[in-house]
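Asks: got a predicted structure here, sequence first:
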Amino acid sequence: MKFQSNRIITSDIRRSVAFYEKALAVDAHWFTADFAELSINAFTLAIGSTQTLQLFGDDLPIHSDKSAIIMEFRVSDVDEEYLRIKDITEKIIQKPTTMPWGNRSLLFCDPDGNLLNFFTPVSPAAIQKFS
């Protein structure tokens, strides 16, 4: 089994794709007006409009406000990324902070409220884990 991608479902696909193109510094590949993908190394972020949900039938679970998923991206310099990101999002949850497990993390939201974590390993143990 190979993990292929994460998909975000949004009611404003153009806004979301434009946000992720800026946040991830990569151009999207549009397959239809309701579906695009952004590929980074071995990871693909798929974005579909709410119209694409009709393709999966009527028994989809409803998102609960008591659960959350964080998409995490390892970056070379999280402080540098913060300077770039702070102008494209209205919601920074946590400015770059060194976490107890050795990563320096920036937590922010996309336009739909999905959480993203850009992080850089900084402790010797964290650097070793990701090398």
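Replies: Arrived safely. Residues are numbered from 1 along each chain as shown.

Asks: wait, Asp79 touches Arg104, no?
Replies: Yes: taking CB atoms under 8 Å as the definition, Asp79 is a contact partner of Arg104 at 7.4 Å. Yep, even glycine has a C-beta here, placed from its N, CA and C like the rest.

Asks: between the two, which has more neighbouring residues?
Replies: Under the criterion of other CB atoms under 10 Å, the comparison of Asp79 against Arg104 puts Arg104 first, with 20 against 12.

Asks: can you pull up the bridge partners for that one?
Replies: Thr98, Thr120 (DSSP bridges).

Asks: for Phe3, see how far away it is.
Replies: Arg104 sits 25 Å away from Phe3, going by CB to CB, to the nearest Å.

Asks: domain map for the chain?
Replies: For the chain, automatic domain parsing gives the domain ranges 1-58, 61-131.

Asks: can you put these in CSV and add mean pLDDT?
Replies: Conversion of the domains of the chain to CSV gives the following (pLDDT from 0 to 100):
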stretch, mean pLDDT
domain 1-58, 87
domain 61-131, 88
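
Asks: what count of nearby residues applies to Val26?
Replies: Val26 - counted by other CB under 10 Å - has 13 other residues nearby.

Asks: got any residues that touch both of Asp79 and Arg104?
Replies: Here Asp79 and Arg104 have Pro96 as joint contacts, going by CB atoms under 8 Å, 6 or more residues apart in numbering.

Asks: buried set for the longest helix along the chain?
Replies: For the chain, the helix that runs over the most residues, judged by DSSP state H, is helix 13-24. Neighbour-count burial for helix 13-24 flags 13, 16-17, 19-20, 23-24 (criterion: 16 or more other CB atoms under 10 Å).

Asks: do the same with stretch 85-104
Replies: In stretch 85-104, counting by 16+ other CB under 10 Å, buried: 85, 89, 96, 102-104.

Asks: and the residues you listed, which is closest to Asn114?
Replies: Nearest to Asn114 among the buried residues of stretch 85-104: Thr89, at 10.9 Å, using CB to CB.

Asks: how about the closest one, secondary structure?
Replies: Following DSSP: H, G, I helix; E, B strand; the rest coil, Thr89 is assigned to coil.
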